[in-house]
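Participant: Build me a structure from this.
(chains A and B)
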Amino acid sequence: MQTLRLWLRNRNPADVMAHAVTLLFASTVLLVTALLVYELYVSSAASRQEFGWTFLLSRDWDPVQDKFGALPFIYGTVVTSVLALLMAAPVGVGAAIFLAELAPPKISDTLTFVVELLAAVPSVIYGLLAIFTLVPWLRETVQPFLQERFGYLPVFQGPMYGVGILAASMILAIMILPFIVSISREALLAVPAEQREAALAVGATRWEAAWQVVTPYAGLGIAGSVFLALARALGETMAVTMVIGNAPKISASLFESGYSIAAVIANEFTEATGDMHLSALVQLGLVLFGLTIVMNAIARLMLAATSRKGSPQ
Amino acid sequence: MPVRGLITTIFIALLSLILAPAAPAQLLINGAGATFPYPVYAKWFDEYHKRDRQIQFNYQSIGSGGGIRQLQAGTVDFGATDSPMTDEQIAKAGGAVLHFPTVLGAVVPVYNVAGVRQELNFTAEALAGIFLGKITRWNDPELAKANPGAALPSAGIVVVHRSDGSGTTFVWTDYLSKVSPEWKAKAGANTSVSWPVGLGAKGNEGVAGLVKQTPNSIGYVELVYALQNKIPYGRVRNAAGVFVRPELKSVTAAGSSAEMPADFRVSITNAPGKDAYPISSFTWLLVPTKFQDARKKKAITEFLRWMLSEGQKLAEPLGYAPLPKGVVALELKAIAKIQ
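Facilitator: As a prediction, this is how the structure comes out:
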């Protein structure tokens, strides 16, 4: 109490007001998140009681028999997101380094504008692009090629429909690329000019300065862009459901169809008439929430492990 | 002073604008439910509003499941569904719910088989076998037998089904459950089921699109959708052993050949009658028997009477099969149950 009074006395009333108001705004974020979790938890009660933790490990998804399990959906969500990240992160960071460090300002500005435009395209457009362009191309060109050359690998076996895990991962990669490029570029541009100049002064080439000095300095910002991309990939619904094949199964092949958590919720929620079906769909929402936290935690731990080795921040 | 006078005038004008519609006039009737009949419902509500300016229907096509839930929660005055409510669902609605068939729809098999241009014939066994994953090639004897003269390839069959929960899927799987005990045991009938084989695509447009671009595939879409988009579809052998082309006439025939129970909750898939297309279904309006508001009760009963006479004429141009005469007569009697 004493400290609060002291704190208040030393402050301008306008500052106190601003503090209170912005605090209120900030706490709404927390409040909304808490409400979301509460609502998901309460509405999934029937399903949680019926299936318990086996929900996470069961492969059944049968609305007629009221048997539900999340494993194929967790698998589909994680695999498509991780694959998308593996495809998009190197390209995105590379593009950001070019735009921020190597390209002439005019080209950089134009390209950045285009990239930001890409981020604003609605996901259903990407889905249509995938159905009409990506999927036929995969079916007729890419998948036969992969199977012919690398068919001994289980990931490239099985029938080639075009739609499936691979198509979903690729369209996700395209969708998250603008986020990685745009935010990584901002992070690179925020690196103080002295860092670059010092590197160049000791005889580094422009590429060495960009790759060995500026990029590690901007490491946290780049990692942030990857987190954001991961979150987007985990939750993406429309584009994924349009090309993933929507079959809840787990198979080694990337050509096979799969299903993601967000996609099944969007697909089945409106017409779910059974109470248990509805409850299971809500529980999937809870699982997705948990999955997002776990994936982000893993990413952060990986970041902490790598950045301890003497990177500047 | 003149300024203040002006402000007062504007204020009064605005106030009267806000208050005016609320006072004597418009009656808003809220409904929600099935998406399949939405185009014809929208047309009906619009036409009816032109006849009676006092009554405004507000229908939200949120899906049959959503419609039933909203009705149970009492947030809407009426619901709409593609599959009749179960006894348990009615019990939760806190009062009796009447089903009124409005129009009929049908689900048709669509396919893309290399080298085949003609209309294909499907037996019930063929459709069940394909969707169970037991018939895997296009030149399977079951298919060849029904299609003499068709150059069916030996290519594998790619099955495409709806991924989103849908009344279309309900009708399709309801039919398969009736004709195939194995389907009934393995998958059953529902708006979403656990599919033994196949790729899932979202919406009629998704299924049609995937079938169109995937060689040697088969899927199913609503008749309305196939008609409007000029997608070729096959004939299906009905319970009487006749291969029937799905069209409005054969769908209405299915509606009149089935025996109608008093509460109109009937599935007409695999209907008897040699003209009946076997994968047909009614779609229903769900109306509570009790209305607190006498004006609403009057409006809804009058609308139902109009829908059963004038309204039926608007269905056909939109691709919906009108109700058989016998069903209309029964429904006109049932309107009296609304209190």
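
Participant: Quick check: closest non-adjacent residue to the closest residue to chain A within the stretch 1-150 of chain B.
Facilitator: In the stretch 1-150 of chain B, the residue that lies nearest chain A is B:Gly63 (3.3 Å; C-beta to the nearest C-beta). All C-beta atoms are positioned from the backbone trio N, CA, C, and that covers glycine. In space, and not counting its chain neighbours, B:Gly63 is closest to A:Thr270: 3.3 Å by C-beta to C-beta, 6 or more residues apart in numbering or on different chains.

Participant: What number of residues are in the vicinity of the one you found?
Facilitator: By other C-beta atoms under 10 Å in any protein chain shown, the residues close to A:Thr270 number 18.

Participant: So A:Asp66 is in contact with A:His277, correct?
Facilitator: Yes: shown here, A:Asp66 and A:His277 form a contact pair, counting by C-beta atoms under 8 Å, at 6.9 Å.

Participant: Neighbour count: those two, which is higher?
Facilitator: Counted by other C-beta under 10 Å, A:Asp66 and A:His277 do not tie: A:His277 has more neighbours, with 26 against 15.

Participant: And the more buried one, how close does it get to chain B?
Facilitator: 8 Å (C-beta to the nearest C-beta, to the nearest Å).

Participant: That residue looks like it's in a helix, true?
Facilitator: Yes: under DSSP: H, G, I helix; E, B strand; the rest coil, A:His277 sits within a helix.

Participant: list the contacts for the closest residue to B:Tyr38 other than its chain neighbours?
Facilitator: Once flanking residues are discounted, B:Tyr38 sits nearest to B:Ser61: 4.0 Å by C-beta to C-beta, 6+ apart. By C-beta atoms under 8 Å, 6 or more residues apart in numbering or on different chains, the residues touching B:Ser61 are B:Ala32, B:Gly33, B:Ala34, B:Thr35, B:Tyr38, B:Tyr41.

Participant: Identify the residue spatially nearest to the last one, adjacent ones excluded.
Facilitator: Same thing as B:Tyr41. Distances taken as C-beta to C-beta, 6+ apart place B:Tyr59 nearest to B:Tyr41, at 5.4 Å, with adjacent residues excluded.

Participant: what about the one you found, which SS state?
Facilitator: strand.

Participant: bridging residues for it?
Facilitator: Bridge pairing for B:Tyr59 (DSSP bridges) gives the partners B:Gly31.

Participant: how close does it get to B:Lys297?
Facilitator: B:Tyr59 is 18 Å from B:Lys297, where distance means C-beta to C-beta, to the nearest Å.

Participant: of those two, who's got more company?
Facilitator: Taking neighbours as other C-beta under 10 Å, B:Tyr59 and B:Lys297 compare with B:Tyr59 leading, 22 against 18.

Participant: Now do the contacts for the more buried one.
Facilitator: B:Tyr59 makes contact with B:Asn30, B:Gly31, B:Ala32, B:Gly33, B:Tyr38, B:Tyr41, B:Ala42, B:Phe45, B:Ala80 under the criterion C-beta under 8 Å, 6+ apart.

Participant: ok, now how distant is the residue most central in space within chain A from B:Pro153?
Facilitator: The C-alpha lying nearest the average C-alpha coordinate of chain A belongs to A:Leu230 (C-alpha atoms, centre = their mean; 1.9 Å). As judged by C-beta to C-beta, A:Leu230 and B:Pro153 stand 44 Å apart.

Participant: quick one: contacts of stretch A:32-43?
Facilitator: Defining contact as C-beta under 8 Å, 6+ apart, one finds that stretch A:32-43 is touched by A:Leu278, A:Ser279, A:Val282, A:Gln283, A:Gly285, A:Leu286, A:Phe289.

Participant: Now name the helix or strand holding the residue in the stretch 1-150 of chain A that chain B sits nearest to.
Facilitator: Nearest residue of the stretch 1-150 of chain A to chain B: A:Val64, at 3.5 Å (C-beta to the nearest C-beta). Using DSSP states H and E, A:Val64 falls within no helix or strand.

Participant: Quick check: closest non-adjacent residue to it.
Facilitator: Counting by C-beta to C-beta, 6+ apart, B:Gly188 is the residue found nearest to A:Val64 once chain neighbours are left out, at 3.5 Å.

Participant: And B:Pro109, by the same measure?
Facilitator: In this structure, B:Pro109 finds its nearest non-sequential neighbour in B:Gly234, 4.7 Å apart by C-beta to C-beta, 6+ apart.

Participant: circling back: and the residue of the stretch 1-150 of chain A closest to chain B, what's its pLDDT?
Facilitator: What the model reports as pLDDT for A:Val64 is 88.

Participant: residues near it, how many?
Facilitator: For A:Val64, using other C-beta under 10 Å, the count is 19.

Participant: Equivalent analysis for B:Phe170, please.
Facilitator: 27.

Participant: what sits up against the strand or helix carrying it?
Facilitator: Element membership for B:Phe170 (DSSP H and E) is helix B:167-179. Helix B:167-179 is contacted by residues A:271, B:34-36, B:64, B:81-83, B:105-107, B:124-125, B:127-128, B:131, B:161-162, B:183-184, B:187-193, B:204, B:220-222, B:267, B:269-270, B:278-281, B:283 when judged by C-beta under 8 Å, 6+ apart.

Participant: Which positions in the stretch 51-200 of chain A make contact with chain B?
Facilitator: A:60-65, A:131-132, A:135-136, A:139, A:159, A:161-163 (C-beta under 8 Å from any C-beta of the partner chain).

Participant: could you flag which of those residues are buried?
Facilitator: Among those, those classed as buried by 16 or more other C-beta atoms under 10 Å in any protein chain shown are A:Asp60, A:Trp61, A:Asp62, A:Pro63, A:Val64, A:Ile131, A:Val135, A:Arg139, A:Tyr161, A:Gly162, A:Val163.

Participant: which residues touch the residue nearest to the centre of chain A?
Facilitator: A:Ser81, A:Leu85, A:Ile176, A:Met295, A:Asn296, A:Ala299.

Participant: Now the two most distant members of those residues.
Facilitator: Longest distance between any two of those is 14.5 Å, between A:Ile176 and A:Asn296; criterion C-beta to C-beta.

Participant: quick one: which of those two has more around it?
Facilitator: A:Ile176 (27 against 14).

Participant: and the nearest residue to the more buried one once chain neighbours are set aside, what helix or strand is that in?
Facilitator: The shortest distance from A:Ile176 to any residue other than its chain neighbours is 3.8 Å, reached at A:Ala229 (C-beta to C-beta, 6+ apart). Here A:Ala229 sits within helix A:219-235, counting by DSSP H and E.

Participant: list the buried ones in that helix?
Facilitator: So helix A:219-235, judged by 16+ other C-beta under 10 Å, has buried residues A:219, A:221-227, A:229-235.

Participant: Distance from the chain centre to it, please.
Facilitator: 6 Å (C-alpha atoms, centre = their mean, to the nearest Å).

Participant: pLDDT score for residue 204?
Facilitator: Picking chain A for this. pLDDT, A:Ala204: 91.

Participant: ah, no, chain B please
Facilitator: 90.

Participant: How many residues are close by it?
Facilitator: 25.

Participant: which residues sit in contact with it?
Facilitator: Shown in contact with B:Asn204 (C-beta under 8 Å, 6+ apart): B:Arg162, B:Thr168, B:Val221, B:Glu222, B:Tyr225.

Participant: My read is that the first one contacts B:Glu205, right?
Facilitator: No: counting by C-beta under 8 Å, B:Arg162 does not reach B:Glu205; the two are 10.8 Å apart.

Participant: So these two - more neighbours on which side?
Facilitator: Neighbour totals were compared for B:Arg162 and B:Glu205, and B:Arg162 leads with 30 against 13 (other C-beta under 10 Å).
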